[in-house]
Structure formats: C-alpha cells, structure tokens
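# Whatever this is, show me its structure:
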Amino acid sequence: MSDNEDFPAHLEQPNEDLDNPLRVIIVVNSPSHPEGEMEERLLDTIQSINDVNTFFDTFDEKVAIPNEGHIKYEVGSDGLVVIVVDTMELRDEALGFIDEHVAKVSSSTNKKQEAEEGEEEVEESKSNKRTKVAN
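All right, here's what the predicted structure looks like:
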C-alpha cells in the first residue's frame, strides 16, 4: 500500500459527524412471510462514524455473529441500514438490541444534561451569594 493512496473519508476522520441519521429497516425474508414483514427504527443517537463503528461492533458480537447465515445487513453511505433476517424471532432480537441501545444512549444523554444543569445551578447559586455578600 503506497503512502499516496487515498483512504475512505470515514477512516481519515472517524469523529466526523454523519450527514444523515441512521435509519434501520429490518426485513423478514422467509417462506412463512412471503411479503416480507418490515420494521423501521431511527437511530438518531448515532452521530459520528465512531458511533456507527461502536454500534455495529456490538451488534455483530451480540446479534449478527451468533446468527450467522440467518442475518445479513448493509450500511449505506446515505444512512440507510437494511437488515434481512429469516425468522420473526431474529427480527425481534435485532429490534430489541436496537431499542435497548437507543434507550441506553438516551438515558446516558439525559444524565449528562441533568448533571450539567445541576452544575449550572450550583454556579448560579454561588454567584448569587457573592452578589449578596458584596452588597
């Protein structure tokens, strides 16, 4: 590999924000569901290429690899993720993983916001006390 070779943008700047939020469509493709049952989830908590990599590393470990041969997925550059599974149970497992991830990230974000708001209130309280003492 030469030094002049270009790397994909996501490898050059892994913290770069995504242009579009991730949208996941899960399709059940099996003889018992010939029309292909579909479910959709928005993963707007995933904001950067690093977040995408972290999410799919965990998804692979917990869902995709244990179900190899029964699940396929493709991540598009436009933020569309298509997951094809062959059973309703696997669909439910994948949806459960996604929903759990969103809940965990949302909870973590809420805790950070509450902590920041608490720090602001403490600073404001200290500022008010200084003002009263100065008067």
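# Just the strands from the chain, written as ranges.
Counting by DSSP state E, the chain has strands at residues 22-30, 33-43, 71-75, 80-85.
# by contact count, what packs against the shortest one?
Yep, that's strand 71-75 we're talking about. strand 80-85 (3 or more C-beta pairs under 8 Å, 6 or more residues apart in numbering; DSSP states H and E). All C-beta spots, glycine's among them, are computed from the backbone N, C-alpha and C.
# Parallel or antiparallel, which strands does the strand it packs on pair with?
strand 22-30 (parallel), strand 71-75 (antiparallel) (DSSP bridges).
# Give me the contacts around the last one.
Counting by C-beta atoms under 8 Å, 6 or more residues apart in numbering, strand 71-75 makes contact with 22, 52, 56, 63-64, 81-86, 90, 94, all of which sit outside it.
# Dump it to PDB, keeping only the CA atoms.
The C-alpha trace of strand 71-75 is given here as PDB (Å, rounded to 0.1, in the frame of the first residue of the first chain):
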ATOM      1  CA  ILE A  71     -28.900 -12.400   9.100                       C
ATOM      2  CA  LYS A  72     -27.400 -10.000   6.500                       C
ATOM      3  CA  TYR A  73     -27.100  -6.300   6.700                       C
ATOM      4  CA  GLU A  74     -25.800  -3.400   4.500                       C
ATOM      5  CA  VAL A  75     -25.000   0.100   5.700                       C
END
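# Show the average pLDDT along it.
Mean pLDDT, strand 71-75: 96.
# Same question for it: list its buried residues.
Within strand 71-75, the residues that qualify as buried are Ile71, Tyr73, counting by 16 or more other C-beta atoms under 10 Å.
# so what's Phe56 closest to, chain neighbours aside?
Distances taken as C-beta to C-beta, 6 or more residues apart in numbering place Val75 nearest to Phe56, at 7.1 Å, with adjacent residues excluded.
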